[in-house]
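Visitor: Quick check, what structure comes out for this input:
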Amino acid sequence: MEFRTKVDLPVGMPPVNHSDVLMLWGSCFAENIGKLFMDYKFRCDVNPFGVLYNPSSIAEAISQVDCPSIYNKENLKEYQGVWYSLMHHSSFSSRNPEECLTKINARLLHARECLHQAHWVMFTWGTAWVYEWKENGQVVGNCHKLPGNCFNRRLLGVDEIVGAYSLLVERLSALKPDLHFLFTVSPIRHVKDGMHGNQISKSVLLLAVQKLIDAYPARCFYFPSYEIMVDELRDYRFYADDMLHPSFQAVHYIWECFGQTFFPPATHRFLKDWEVVKKGLEHRPFDPDSKQYQRFLSQILLNIEALKEKFAYLDVQNEINLCQARLKK
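Guide: Here you go, the predicted model:
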């Protein structure tokens, strides 16, 4: 007897190889999955502008990455002594405008380099509700807790989203013909929109994704993280304490489903090998100075160096330094 609704995973998807360069954009769910990619040593850039929730801001952010310009003081706003960008998360803000610009432009240049190398651009859309800056009608990426009368709030249209992303897909594909685009809708509910408003928003996003997949079937793909969470993992035990965000267990389950869908055998083999290293580095011994633990560290170091020799693109210097520092104690 089956006690849950099993979501059928997509089949026949292009592989996500461990050697691929990835870019992830979107909501905090993208951050969760992006952290797992980085933990398993994929080459990826996650949210160069910080967390962005709506498709319009994400498309604008990628367009800015794709152009050669950088931010200057005229691109910033100031409120109560804090300088910020309406396109960026508050983690970029500062009381010093030069510090704010330094953080923004450093990430912008790194993202530009990553985008030009990317094999996959992955989007996690959170909401179709947007806030427009009243002065010029710009859809903002972050409201920075400014007074509500600074903004107009509205719902994006399906065709509006499809139009923006059609231009994006065609422009980036012309520059990099082997580029793939993966779309997913965040399972996190935006209760500030109201439960009905949240459902309307998710529906707009899902319809827009489907139109893009129909228009670009060889380039655009969908992964059902939303459906896995709300249908397969509908029990509240799979939610965090706020009853809105997926729990640690749920995120890892969705990650496993993603791997089943996109990872080829070679990627699965690497993840298995790296898991041994990862768990070894996380181990906290009773006596770190014991000969037994020193031999254990030496073996981990040998494993890391063997993987580095086999996969030249791996950036494992931090792990090597950590092992060497513990061995010198």
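Visitor: Quick one: the strands in the protein, in order.
Guide: Shown for the chain, the strands assigned by DSSP state E span residues 21-26, 43-46, 77-79, 82-84, 120-125, 129-133, 151-155, 180-185, 220-222.
Visitor: Of all the ones you listed, which one is nearest residue 325?
Guide: Nearest to residue 325 among those is strand 43-46 (24.6 Å), distances taken as Cβ to Cβ. Yep, even glycine has a C-beta here, placed from its N, CA and C like the rest.
Visitor: What pairs with that closest one, parallel or antiparallel?
Guide: Each strand paired with strand 43-46, and its direction, by DSSP bridges: strand 21-26 (parallel).
Visitor: orientation of the partner strand relative to strand 120-125 in degrees?
Guide: 10 degrees (axes from the mean of the first three to the mean of the last three Cα atoms, to 10 degrees).
Visitor: Can you get me a residue count around residue 257?
Guide: As a burial measure, residue 257 scores 18 neighbours (other Cβ atoms under 10 Å).
Visitor: so how far is residue 323 from it?
Guide: Look at residue 257 and residue 323: by Cβ to Cβ, to the nearest Å, they are 32 Å apart.
Visitor: And residue 242, by the same measure?
Guide: Distance, residue 242 to residue 323, by Cβ to Cβ: 38 Å.
Visitor: ditto for residue 246
Guide: 33 Å.
Visitor: circling back: who's more crowded, residue 242 and residue 323?
Guide: Counted by other Cβ under 10 Å, residue 242 and residue 323 do not tie: residue 323 has more neighbours, with 23 against 9.
Visitor: which ones are touching that one?
Guide: 281, 297, 300, 301, 304 (Cβ atoms under 8 Å, 6 or more residues apart in numbering).
Visitor: Which ones among those map onto helices?
Guide: Cross-referencing those against helices under DSSP state H gives 281, 297, 300, 301, 304.
Visitor: Next one, pLDDT for the fourth one please.
Guide: Spelled out, that is residue 301. pLDDT for residue 301: 94.
Visitor: Can you tell me, leaving aside adjacent residues, what's nearest to it?
Guide: residue 323 (4.3 Å; Cβ to Cβ, 6 or more residues apart in numbering).
Visitor: The one you found and residue 195, how far apart?
Guide: Residue 323 sits 50 Å away from residue 195, going by Cβ to Cβ.
Visitor: How about the contacts made by residue 296?
Guide: Residue 296 touches 280, 283, 285, counting by Cβ under 8 Å, 6+ apart.
Visitor: re earlier: and the buried ones among the ones in helices among the contacts of residue 323, selectable in PyMOL?
Guide: The buried residues among the ones in helices among the contacts of residue 323 can be selected in PyMOL (16 or more other Cβ atoms under 10 Å) with this line:
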select buried, resi 297+300+301+304
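Visitor: before we move on, the earlier item: which one of the contacts of residue 296 sits in the busiest neighbourhood?
Guide: Most neighbours among the contacts of residue 296, by other Cβ under 10 Å: residue 280, with 17 neighbours.
Visitor: burial count for residue 161?
Guide: 23.
Visitor: Report the contact partners of the nearest residue to it once chain neighbours are set aside.
Guide: Spatial nearest neighbour of residue 161, chain neighbours left out: residue 208 (4.0 Å); criterion: Cβ to Cβ, 6+ apart. When contacts are counted by Cβ under 8 Å, 6+ apart, residue 208 touches 55, 128, 158, 161, 162, 165.
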